[in-house]
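# Need the 3D shape of this:
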Amino acid sequence: MLASLREKKKRRTRADILAAAADFIERKGYRNANMRDIAAAADVAYQTLYNYFPSKARIAIALLARDDETDDRATGADADFVEALRALAGWVAQRAGHAERELALEALAEAIRGGMSAVRCLDPGIGEYLRDLLASAQQRGYLDAYVDTHEMAAAIESILNSSVLDRVMADEPDQAIESASVARIELVLKPYLRIAP
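Now for the predicted structure:
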């Protein structure tokens, strides 16, 4: 009984955060929103928001994955599908650049020895999030119905993996890595999109 109440409260908090984020993003725009503003709009502590969504890109993905009709209005619908992928590429580049280079190299080497990709070091669930985002886009008609979303997610994950390695190995600026990743993602997606990137 207590566990179900806890789960119910978690679902309600998550839904409240997403509703507040959708409203805030609709008013201020995705690029102008930051995690602290979204936490304030949702009336939750910053750490609480981070526990549910560790990045703004994750909020965008969650908003796009929701099934109710208000999502299209609140998130800008088709434009935000590609925007969520752009945001994810930016988050990966920024996150990869935060660690001290030697520490990052050692962590990546250990992860690769253990069979984990570089990008999954930053977020073990990234493949699942990509698959969910692509499946949601496909259900909404933004992505051709015949596209294998698992294969497309793997291709995008490979691009993001490359961006992590570029960021750590070449020590390129976040913006350059993000731009290159976004260009590659759009190149892979463009033939299958039913919207303009």
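
# contacts and neighbour counts: CA atoms only from here.
OK.

# Okay, now the unreliable bits of the protein?
1-3, 30-31, 57, 61, 64-80, 98-107, 110, 171-172, 195-197 (pLDDT under 70).

# Phe24 and Met116, how far apart?
Distance of Phe24 to Met116, given as C-alpha to C-alpha, to the nearest Å: 36 Å.

# between those two, which one's more packed in?
Phe24 (22 against 14; other C-alpha atoms under 10 Å).

# quick one, phi/psi of Asp123?
For Asp123, the backbone dihedrals (degrees, to the nearest 10) come out as phi -160, psi 100.

# number of nearby residues for it?
14.

# Check Ala118 too.
27.

# so what's it up against?
Leu108, Ala111, Ile112, Asn161, Val164, Leu165 (C-alpha atoms under 8 Å, 6 or more residues apart in numbering).

# which of these tops the neighbour count?
Val164 (32 neighbours).

# tell me how far the one helix or strand that residue maps to is from the chain's mean position?
Per DSSP states H and E: Val164 is located in helix 149-170. In this view, helix 149-170 has its centroid 13 Å away from the chain centroid, taken as C-alpha atoms, centre = their mean, to the nearest Å.

# Can we start the residue count at 31 from this point?
All right, first residue 31 from here; so that's helix 179-200.

# For that helix, give me every contacting residue.
Under C-alpha under 8 Å, 6+ apart, the answer for helix 179-200 is 119, 122-123, 126-127, 131, 134-135, 147-150, 156-157, 160-161, 164-165, 202-204, 207-208, 210-211, 214-215, 218.

# Now, these that are in strands?
Nothing among the contacts of helix 179-200 maps onto strands, per DSSP state E.

# And this protein, split by domain according to the record?
If you go by automatic domain parsing, the domain ranges for the chain are 31-83, 85-222.

# hey, which of the ones you listed is tucked in deepest?
Comparing the domains of the chain by mean neighbour count (mean count of other C-alpha atoms under 10 Å), domain 85-222 ranks first with a mean of 18.
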